[in-house]
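1. model this:
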Amino acid sequence: MPKHVFVTGGVASSLGKGLTASSLGRLLKMRGLRVTMQKLDPYINVDPGTMNPFEHGEVFVTDDGGETDLDLGHYERFIDENLSRSSNATTGSIYQAVLAAERRGDYLGRTVQVIPHVTDEIRRRIKRLATDDIDVVITEIGGTVGDIEILPFLEAVRQFRNEVGRDNVCYVHVTLVPFIGPSGEQKTKPTQHSVTELRSRGIQPDIIVCRSDEPISDQLKRKISNQCDVDQKNVINAADARNIYELPLILHDEGLDTQICDVLRIEAPLDLTPWREVVARVEASTAPVRIGLIGKYVELHDAYLSVVESLKHAGFHHAANVEIVWIQAENVEGLLAEEQLATLDGIVIPGGFGARGVEGKIRAAQYAREHGVPCLGLCLGMQVMTIEFARHVLGLTDAHSTEFDPTTQNPVIDLMIDQRDVTDMGGTMRLGAYYAQLEPGTKVAAAYGEAVVSERHRHRYEFNSSYRARFEESGFVCSGSSPDRRLVEFIEMSNHPFWVGTQAHPEFKSRPDRPHPLFRELIGASLQHRVARLQKSATVAEPTATPSIRA
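-> Got it, this is the predicted structure:
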């Protein structure tokens, strides 16, 4: 029978429950265990797909087309497993399933209640991941203990231990140990109150993970142990790390995986060597490279979380320290574009929805094309690169996407199927993994080293293939297409160091020890561009020698 670990949080949000759970998943995998992960979110939205990026951050997409919480990105990057839509459940989707069952008559006319019907559905969502090929299921519960919307989830996981047996469940509670400046002390009282609240819901944590700015003393661990009725060896300190990939090693040194294996009666040897090599590469990545991220939501960096991590992974590969320059797309539309973009070694134009900032993204694509700056366009990024080329190379000055200008006479980006009458916003997109056939001899094919690749998608609009021949006559290369060649998946320029776009979201498949090929090649080209740029700047700055004058 698979074992289950439930991760809850208290005191404050954004403590790092997701990273703690992900790090635990990696540690258990390095013990040879088969691990999967899940996020239970208490918000009433069915999924985050229609939520404002400023509200929720990035929407992570799974192979099977699930629009999920960004924590699933952390899960996949750490445990290196492709998850599914089953790994994310919200209050909205759970109530939707319960109400659908009631409408079908599944409850035989009985009164539908939170207990047992909602809690039963939550437990069903957890159990459907516990298949025969899984050893451990790690389930993170969103929100913090004390939130009213989290109560059904706590009740469900409380019942779960009774259902599957004490030795098959471990409760991990993540709390905050704040430092109070005026008194110069770390305070345990918030942790005590948080655990008291959790215990009032019938759950006694087996492990307490204490987040803190600086390491906490054994004396404080002993105090928490006494006040919260948890063995001192099960009070784990997760002090701030230099980088998130160091966290599994920190938690292992604190004994997290050892104590959880003890609770779950698991005996499995651990080999940390592969992950130590990852951390060593991270620490050795010192060569500077500046990458401009031309976004619409740059005020909230989590809106581009997977893009950022993919750039870092590529940097690890090249021993490069990637400095991300956050550039608001709307600010690129004016005359300051040259000044903003001239100091960059590479450019990423990520995805997004809506017209705001599109002209700035087009301007950035133009600058990259004309000045030989390596550029990677993702989803909308590929579309604006297409629009830019149509306007400034093909002479189609009004070229646009019908998403932004439905009346354009040159819709180089358009809906390829009739979706205009669909009212469910979550049901109009091409979502999940799709195959693409790559053109031999292209930069994209060389990067992947394969003829057929699979990437995840999240978009409605496509390259208008009726313009394809005209583009390709002018040095624009459609370097990858759907197997039936109806949809263009990758573009590039034949006479540019790296000007590549993809209709997909390759950032969702990058890993710290296996960077995505397109990001890897972008950083490689950007490092070369940096050398040339700095050499040119040095030449320009070098003073002209004064000729000698003889008397």
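2. any idea how far the spatially most central residue of the chain is from Pro506?
-> Most central in the chain under Cα atoms, centre = their mean is Ser306, positioned 3.4 Å from the mean C-alpha point. Using Cβ to Cβ, to the nearest Å, Ser306 is found at 9 Å from Pro506. Placement of C-beta: from N, CA and C, glycine included.
3. before we move on, back to that, okay, the residue nearest to the centre of the chain: pLDDT?
-> Per-residue confidence (pLDDT) for Ser306: 97.
4. Gln38 versus that one, what's the distance?
-> For Ser306, the distance to Gln38 (Cβ to Cβ) stands at 19 Å.
5. can you check Arg104 too?
-> As for Arg104, its distance to Gln38 is 25 Å (criterion: Cβ to Cβ).
6. if we can go back for a sec, how near is the residue nearest to the centre of the chain to Cys375?
-> Ser306 is 18 Å from Cys375, where distance means Cβ to Cβ.
7. equivalent analysis for Arg34, please.
-> 40 Å.
8. quick one, phi/psi of the residue nearest to Glu67 when sequence neighbours are not counted?
-> Once flanking residues are discounted, Glu67 sits nearest to Gly49: 3.5 Å by Cβ to Cβ, 6 or more residues apart in numbering. Torsion angles at Gly49 (phi, psi; degrees, to the nearest 10) stand at phi -60, psi -30.
9. would you mind measuring from Gly49 to Glu197?
-> In this view, Gly49 and Glu197 are 32 Å apart by Cβ to Cβ.
10. for Val325, same thing?
-> 43 Å.
11. what does Gly143 give?
-> For Gly143, the distance to Glu197 - Cβ to Cβ - is 12 Å.
12. and if you look at Ala399?
-> Computed as Cβ to Cβ, the Ala399 to Glu197 distance reads 58 Å.
13. same check, this time on Ser454
-> Taken as Cβ to Cβ, the span from Ser454 to Glu197 is 45 Å.
14. more neighbours: which of these two?
-> Glu197 (16 against 13; other Cβ atoms under 10 Å).
15. check which helix or strand covers that one.
-> helix 189-200 (DSSP states H and E).
16. next, the buried residues of that helix.
-> By neighbour count with 16 or more other Cβ atoms under 10 Å, helix 189-200 contains the buried residues 190-195, 197-198.
17. before we move on, the earlier item: Arg104 and Gln38: which is more packed in?
-> With neighbours defined as other Cβ under 10 Å, Arg104 and Gln38 compare such that Gln38 has more, 25 against 8.
18. where does the more buried one land in three-state SS?
-> Each residue gets one of three states, and Gln38 gets strand by DSSP: H, G, I helix; E, B strand; the rest coil.
19. partners of it in the sheet?
-> Applying DSSP bridges to Gln38 gives these bridge partners: Thr139.
20. was I right about it contacting Ile138?
-> Yes. Using Cβ atoms under 8 Å, Gln38 is in contact with Ile138, at 7.2 Å.
21. correct me, but the residue nearest to Glu67 touches Glu58?
-> No. Judged on Cβ under 8 Å, Gly49 makes no contact with Glu58 at a distance of 11.5 Å.
22. those two: which has the busier surroundings?
-> Neighbours per residue, other Cβ under 10 Å: of Gly49 and Glu58, the larger number sits with Glu58, 27 against 18.
23. return the residues in contact with that one.
-> Residues in contact with Glu58 (Cβ atoms under 8 Å, 6 or more residues apart in numbering) are 70, 73, 302-306.
24. farthest pair within these?
-> With distances taken as Cβ to Cβ, the most widely separated pair in the contacts of Glu58 is Gly73 and Ala303, at 12.2 Å.
25. can you list phi and psi of Cys228 for me?
-> For Cys228, the backbone dihedrals (degrees, to the nearest 10) come out as phi -110, psi 0.
26. now for it, how many residues are close by?
-> Counted by other Cβ under 10 Å, the residues lying close to Cys228 total 22.
27. who are the contact partners of it?
-> 191-192, 195, 205, 208, 235.
28. if we go to 6 Å?
-> Going by Cβ atoms under 6 Å, 6 or more residues apart in numbering, Cys228 touches Val195.
29. do the same with Thr68
-> For Thr68, the contact set (Cβ under 6 Å, 6+ apart) comprises 60, 88.
30. for it, grab phi and psi.
-> phi -130, psi 170.
31. about what we covered before: ok, the buried residues of helix 189-200 vs Ala239, which is closest?
-> When the buried residues of helix 189-200 are ranked by distance to Ala239 (Cβ to Cβ), Thr191 comes first, at 14.4 Å.
32. name the helix or strand for the closest residue to the closest one other than its chain neighbours, please.
-> What sits nearest to Thr191 in space, not counting adjacent residues and going by Cβ to Cβ, 6+ apart, is Thr175, at 4.2 Å. Element membership of Thr175, judged by DSSP H and E, is strand 169-176.
33. tell me what the next helix or strand after that strand is packed against?
-> Going down the chain from strand 169-176, the next helix or strand is strand 179-180, by DSSP H and E. With contacts taken as 3 or more Cβ pairs under 6 Å, 6 or more residues apart in numbering; DSSP states H and E, strand 179-180 sits against no other helix or strand.
34. how does it look with 10 Å?
-> If contacts are counted by 3 or more Cβ pairs under 10 Å, 6 or more residues apart in numbering; DSSP states H and E, strand 179-180 sits against strand 185-186.
35. paired strands for the strand it packs on, with orientation please.
-> Strand 185-186 has these strand partners (DSSP bridges): strand 179-180 (antiparallel).
36. run a quick neighbour tally on the residue lying closest to Met1 once chain neighbours are set aside.
-> Distances taken as Cβ to Cβ, 6+ apart put Asn168 closest to Met1, at 5.9 Å, once the chain neighbours are dropped. Look at Asn168: counted by other Cβ under 10 Å, it has 18 neighbours.
37. Asn82 now?
-> There are 14 residues near Asn82, going by other Cβ under 10 Å.
38. so who does the nearest residue to it once chain neighbours are set aside touch?
-> Closest residue in space to Asn82, ignoring its immediate chain neighbours: Asp63 at 5.4 Å, by Cβ to Cβ, 6+ apart. Going by Cβ atoms under 10 Å, 6 or more residues apart in numbering, Asp63 touches 82-85, 432-434, 454-456, 508-509.
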